[in-house]
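**Student:** Would you be able to build a 3D model of this:
(chains A and B)
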Amino acid sequence: MLACQTPSPPPKVSWVTPVRATDFVMQGDAARRASMRLVVQGLDADERKDFPSARASYERSIQVDATNPWSYLALARYYLEQGEAQRVGPLLDQSAALFEAEGLREPRVGVHLIGLRGGAYGSLGQDTEAQLYIERAQTLAPLVWGDGQLQAGELL
Amino acid sequence: MAAVGAALGFVAGLWGAHWVLEQDRIVVARFEGKRFEVPSKVYSAPLIVYPGSDWQRMDLAGWLVRSGYREQPEGGSLRPGRYVWAPSRLRVHLRAFEHPLRPEPARDLEFRLKGGEIEFISDAFSGNPLDVVVLEPEPVSAFLGQDGEQRDLVRLDELPPSLVSAIYAVEDKRFEEHHGIDLRRVVGAVLANLRAGQIEQGASTLTQQLVKNFFLTPERTFERKLREAIMALIIEARYSKPEILQAYLNEIYFGQRGSTEIHGVGEASRLYFGKSATSLSVSESALLAAIIQSPNGISPFKRPEKAQARRNMVLELMFEQERISWEEFEMARREPLRVSAVNPDARDVRYFLDALSQQLPGVYDSDVLSTRGLQIYSTLEPRVQRAAVKALRGGLARIEANSSARGRPISGLQGCLIAMRPQTGEILALVGGRDYGSSQWNRCIQARRPVGSVFKPFVYVAALDPEYGPVLTLADTLEDTPFEVETRETEAPWQPQNYDHQFRGTVKVREALERSLNVPAARLGQQVGISRVAETARRLGVTSALPEVPSLSLGTAEVAPLEVARAYATLANGGRRPTPRTFVDLVEADGVVGEVQPLEGAERAIDPATAFLAVSLLEGVVDRGTAARVRRSGMRGPIAGKTGTTDDEHDLWFVGFTPELVAVVWVGFDEPAPVGVPSSAGALPIWTDFMMEVVGKQVRGAFPRPSSVEVVSVDPKTGARALAGCPARHDEFFIRGTSPEQTCPVSKQSDEQPGLFRRTLGRLFGR
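**Tutor:** You can find the predicted model right below:
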């Protein structure tokens, strides 16, 4: 039986609504829009557990527009889920640099980069860093990162 | 006596039976074992099209032809593998793409075209719009064995009936009826040859031809003819007609492509028509059947009139034997001889294949690659590769032609062009020389040549890098005055000179690199430290040995073009170093994925802000400097690059890049000798031709600027921060915290400008 608890006051942090890939499918030039569509197709495949198709879609999205930060973000998430955490860091760096170059530096983008990096640290046994990063992501976006993970569907 | 005869007869019978059994064993071993040694095929990256994409630049029409799609008139249903091209509209029924991991279903699509652009794509059945379509990878080449045989296996049920009909008509019209030997034809041939007084007609059935190709040598002896007949009978007894026919269609010799033997109708179809055998027309089927008798003597490439005459003869036979209707005969006979317009020799891709095979694990050695029928999906983009071949060949020929006009003719010039995606290291095109047939030396990956001024940006990177404590900002000046360095390697001190043997005094950093001045770069290298310069080059991606001598700053080190491409890709990619990648995955003959080369993220090698400043310097080289020819050609948008010409114009380099593509061009002789022109007139035009073809005049995107870089207005004369009242100003990039404190006009507080070292210290300690 759970003890009756006095509700604690909400934490004094600003929650953010994290960005989703689907918010960006109509933005940019023709190549970017096609690349975003492939990212979304990949996320759909990821959700269906069709992992080879997901990976192929992400790689194709890079072929169409190698400067699309979403492609690298989605691929990093994919590798983390596949247990290949050692591949995650460089992809997140690439994604972060491209988001930054596009002026998307706000926390609603950064929260995914932070959380995924935390996930990678965790998978690589770097628990202190993992906790730090994931807690930060959880604080920023508890609805998405509350479970410490980012599902493909949460980017759709 | 009778007993002796009986005994001899018995022995002869035993020997004969043993001999026949031996032939049977040979036939069975070949037929039931690995019937053919199949070279592994290499496929390109897929072609991805979308509304707004340029279908002409993407060579959509060429893709259809090379992928074996067949045009049909408008109206009626469209089967997979067919297309209809009407004005402003293309309808294609895509075949299913079979791959164990990423298959694509067959789809009937409609493209609406407007000028050079795809305006709209929809599903032809439902009418639903499509945002992006992935078109199947096209076969680009194969790993051949020492026998040099290339074949593309076909299944009998995939082939058009016209092809089998044509071959029956001219080679063996009673194939379905005889048992390996056509006695009526033998008698006919004997009589005809007796009448002619020489051998004019053969009587070999398809089965006998198969035996000859499979098991025997071409000499004309009685024993060989006997073995051919016995083996043909054995094959007919053991195997069905369709099995025999399929083996024949995959085995029969169809001529040479360079040193490569073409076997089977699958490969022949690709050679002569640039498409899959599944989509051959009646006239094309007849031409293939016509060639079989003497592939080199009736080659449609070398003897088109002879080939056309024999094709028409085959068509007549097909009509006479009621294998085609009168209408089909008339239509096919009227068709001009259309052979593949694409380069029939895929040798240009072999340089890429060599690079690819080096990236495969050791178990995939040349024997495995040439016999196991693997399918390797590469990163090669055919249109990029074709543009690279065209630009390099054209450029080398132009340099040679111009040399004759200058009265100093040269010949045998070589070159290399490599194109890489900087974010992923994927190699999109690689041409390691002028002609693979005459030289397999891969100058992109095997040759190490002095890089000259292409190395200078690495010196500037080392000087700009805040990790070392920056020596330089882009607003600083450098000294272009005589100086010398004592070296251990030479008795006399090293005295660098500029290309024009002039000294300009104090020059701005940008000007020094844009004009590729040697003296300021050599001074800067000394100031930074040669070991630091070498370390920077290694971090960027150079793996060759770098002698730590003063002249390293001017590019005396010998480096392979692939390394240069990777180092510049690191700059283009914001300081993150990509790993070269030539293939995506490899599928074994049994349909299982054998090897995957995952797309690796690039590793951070240098500070992103430093990379951005270096790119900005290199944009200046293209905008105003030694590579200004790029802009004069009409190319707009973000482009950066660097020329490089070594002593006596032995090696000409140009490395140029956009945010999405790095391309390196090297031109020179295998045995170093003067080319006679500088890089700006040799390697640079090749690069420009290539990029214009691949990306067009307008380059998309921008080089990403990290937030650690700020823009500050400075006085162009002094480099001081420009305030109101400063007579002139221009914007310059600085790594945050390194911008000048001195101002223009000079204020009291800032009339004593602290040096960069003090500024950096001040930043670090909050002062």
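**Student:** So for chain A, which residue is the most central one in space?
**Tutor:** Using CA atoms, centre = their mean, the residue of chain A that lies closest to the mean C-alpha position is residue A:112, 3.9 Å off.
**Student:** For that one, what is the enclosing helix or strand?
**Tutor:** Using DSSP states H and E, the element containing residue A:112 is helix A:107-123.
**Student:** next one: residue B:75
**Tutor:** For residue B:75, there is no host helix or strand (DSSP H and E).
**Student:** if I look at it, how far off is chain A?
**Tutor:** In this structure, residue B:75 and chain A are separated by 31 Å, where distance is defined by CB to the nearest CB, to the nearest Å. (Glycine included, C-beta is placed from N, CA and C.)
**Student:** go on, residue B:7?
**Tutor:** Residue B:7 is 71 Å from chain A, where distance means CB to the nearest CB.
**Student:** what do you get for residue B:547?
**Tutor:** With the distance defined as CB to the nearest CB, residue B:547 ends up 31 Å from chain A.
**Student:** Look up the closest residue to that residue, ignoring the ones flanking it.
**Tutor:** Setting aside the residues directly before and after it, residue B:547 is nearest to residue B:557 in space (CB to CB, 6 or more residues apart in numbering or on different chains), at 6.3 Å.
**Student:** Quick one: residues contacting residue 59.
**Tutor:** The chain I'm using is chain A. By CB atoms under 8 Å, 6 or more residues apart in numbering or on different chains, the contact set of residue A:59 is A:75, B:584, B:599.
**Student:** That was the other one, I meant chain B.
**Tutor:** B:382-383, B:386.
**Student:** Apply 10 Å and report the result again.
**Tutor:** Listed by CB atoms under 10 Å, 6 or more residues apart in numbering or on different chains, the contact partners of residue B:59 are B:47, B:65-66, B:382-383, B:386-387.
**Student:** which one of those is nearest chain A?
**Tutor:** Taking CB to the nearest CB as the measure, chain A lies nearest residue B:47 of the contacts of residue B:59, at 9.6 Å.
**Student:** The residue nearest to the closest one when sequence neighbours are not counted: neighbour count?
**Tutor:** The spatially closest residue to residue B:47, leaving aside those adjacent along the chain, is residue B:135, at 4.2 Å (CB to CB, 6+ apart). By the measure other CB atoms under 10 Å in any protein chain shown, the count of residues near residue B:135 is 20.
**Student:** Which strand or helix spans the residue nearest to residue B:130 when sequence neighbours are not counted?
**Tutor:** Once its chain neighbours are removed from consideration, residue B:130 has its nearest residue in residue B:121; the separation is 4.5 Å (CB to CB, 6+ apart). Under the assignment given by DSSP H and E, the secondary-structure element containing residue B:121 is strand B:117-123.
**Student:** Surely residue B:103 and residue B:134 touch.
**Tutor:** No - the pair residue B:103 and residue B:134 fails to qualify as a contact (CB atoms under 10 Å) at a distance of 11.1 Å.
**Student:** tell me, what's touching these two both at once?
**Tutor:** Counting by CB under 10 Å, 6+ apart, the residues touching both residue B:103 and residue B:134 are A:56, B:97.
**Student:** Cool, thanks, talk later.
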